[in-house]
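Chemist: this is a predicted model, with the sequence first.
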Amino acid sequence: MPELPEVETIVRQLRPRLEGRTITGARVHWARTIARPAKAAFVRGVTGRRIERCWRRGKYFVFDLDDGRRIVGHLRMTGRIYVEQQPPDDYVRADFDLDDGRGLFFSDVRKFGRLALVREMHEILPPMGPEPLSDEMDGDWMVAGLRSRRRLLKPLLLDQSFIAGLGNIYVDESLHRAGLHPLRSSHRVPADRARRLAATIRDVLSEAIEAEGSSFDVFYRTPEGQPGAYQDDFHVYGRDGLPCRTCGRTIARIVVGQRGTHLCRRCQPAPRAALGAGR
């Protein structure tokens, strides 16, 4: 599933193609692609509207329209979105005619992706925490946030109501770089390590955006049709059985909160409470 860097890459590449363009027509080929309103109302609502702004909230892409409403979308497992002259593949679930003769295509092999037309973000988005690349999520915020909760680090960081946009890949990579075990209790993380974690999350996400995201399977492609490159720089994610790029010890895979989790047991020493649970 695309995480923050992938969605940010998509939005940045779509911005010059979409901002200022008017949607002159729309079609929905798989009704359940539209989360709200109903299919016909969605088509009527977007037709004739100008796209004023393309941006991202967490793992969602957002297109602000000139009537104050927004198209909000989530790619889920296999969704892709392109601006092209012709349909990019046989899996287009919705498409939009643009006033420059091109089309905006929402393609989704497994049909899990969703689009919605809303006036207020809360109509479709769940409660979400701060953006990790914003000024709000600094070291002091992380210290206070971890101390105020008694949860395991990895499930907490995956919780979108705590921080928006993080997923399995970038949590594993951030915890490794910060030297923190995913089974450590959040309220027991020292203040200096919490500040380091905040900085590490920002660094990892920024580097991944620079690399245009991670293509760890065949599905994620940028709107230009290219794969991301950050998977070449993974230190732990998906590298179980391989040597740690920091210390050389073999990368391990454990399960935390029903999620496959990758770590180096030397770089990320387990807290006492986790010795019997995750090692």
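Modeler: Perfect, thanks for sending it. Numbers count the residues shown, from 1 in each chain.
Chemist: got phi/psi on D95?
Modeler: Dihedral pair for D95: phi -150, psi 160, per degrees, to the nearest 10.
Chemist: who's it bridged to?
Modeler: Following DSSP bridges, D95 is listed with bridge partners R27, F105.
Chemist: got the contact list for it?
Modeler: Neighbouring residues of D95 by Cβ atoms under 8 Å, 6 or more residues apart in numbering: 26-27, 29, 87, 103-106. (C-beta placed from N, C-alpha, C; glycine too.)
Chemist: so which residues make contact with stretch 8-27?
Modeler: 2, 42-43, 46-56, 61, 63, 75, 81, 83, 94-100, 102, 104, 209, 212-213, 222-224, 228.
Chemist: buried ones among those?
Modeler: Buried members of those, counted by 16 or more other Cβ atoms under 10 Å: 2, 42-43, 46, 49, 51-52, 54, 56, 61, 63, 75, 81, 83, 94-98, 102, 104, 209, 212-213, 222-223, 228.
Chemist: mark which of these are part of strands, please.
Modeler: 51-52, 54, 56, 61, 63, 81, 83, 94-98, 104 (DSSP state E).
Chemist: rewinding a little: identify, from the contacts of D95, the entry nearest to V204.
Modeler: F106 (28.4 Å; Cβ to Cβ).
Chemist: which stretches in the protein count as helices?
Modeler: For the chain, the helices defined by DSSP state H cover 4-18, 39-46, 139-147, 153-158, 168-178, 191-210.
Chemist: please identify the most buried of these.
Modeler: Burial of the helices of the chain is given as mean neighbour count (mean count of other Cβ atoms under 10 Å); helix 168-178 ranks first at a mean of 24.
Chemist: buried stuff in stretch 16-29?
Modeler: So stretch 16-29, judged by 16+ other Cβ under 10 Å, has buried residues 17-18, 21, 23, 26, 28.
Chemist: state the mean pLDDT of that stretch.
Modeler: What stretch 16-29 shows for mean pLDDT is 98.
Chemist: now do it: distance to the chain's middle.
Modeler: In terms of Cα atoms, centre = their mean, to the nearest Å, the centre of stretch 16-29 is found 23 Å from the chain centre.
Chemist: what of stretch 130-140?
Modeler: 16 Å.
Chemist: who's in contact with it?
Modeler: Contacts of stretch 130-140 (Cβ under 8 Å, 6+ apart): 4, 57-58, 129, 141, 163-166, 194-196, 198-199, 201-202, 205-206.
Chemist: got it, and stretch 143-152?
Modeler: Stretch 143-152 has contacts (Cβ under 8 Å, 6+ apart) with 153, 156, 159, 162, 182-187, 189, 191, 194-195, 256-257.
Chemist: where does the stretch 151-279 of the chain dip in pLDDT?
Modeler: Filtered on pLDDT under 70, the stretch 151-279 of the chain yields the residue ranges 273-279.
Chemist: recalculate using a threshold of 90.
Modeler: Residue ranges of the stretch 151-279 of the chain with pLDDT under 90: 215-227, 257, 271-279.
Chemist: specify which member of the ones in strands among the buried ones among the contacts of stretch 8-27 is nearest to S174.
Modeler: Of those, the one sitting nearest to S174 (Cβ to Cβ) turns out to be R56, at 18.7 Å.
Chemist: okay, the nearest residue to K111 once chain neighbours are set aside and D64: tell me how far apart.
Modeler: In this structure, K111 finds its nearest non-sequential neighbour in W30, 5.8 Å apart by Cβ to Cβ, 6 or more residues apart in numbering. In this view, W30 and D64 are 25 Å apart by Cβ to Cβ, to the nearest Å.
Chemist: then G25?
Modeler: G25 is 20 Å from D64, by Cβ to Cβ.
Chemist: show me the beta-bridge partners of G260.
Modeler: V255.
Chemist: the residue nearest to K111 against F106, yeah?
Modeler: No - assessed by Cβ atoms under 8 Å, W30 is found out of contact with F106, at 9.5 Å.
Chemist: need the overlap of contacts for those two.
Modeler: 93-94.
Chemist: what's in contact with stretch 107-120?
Modeler: By Cβ under 8 Å, 6+ apart, the surrounding residues in contact with stretch 107-120 are 30, 32-37, 41-42, 45-46, 68-82, 87-89, 91-94, 106, 123-124, 219.
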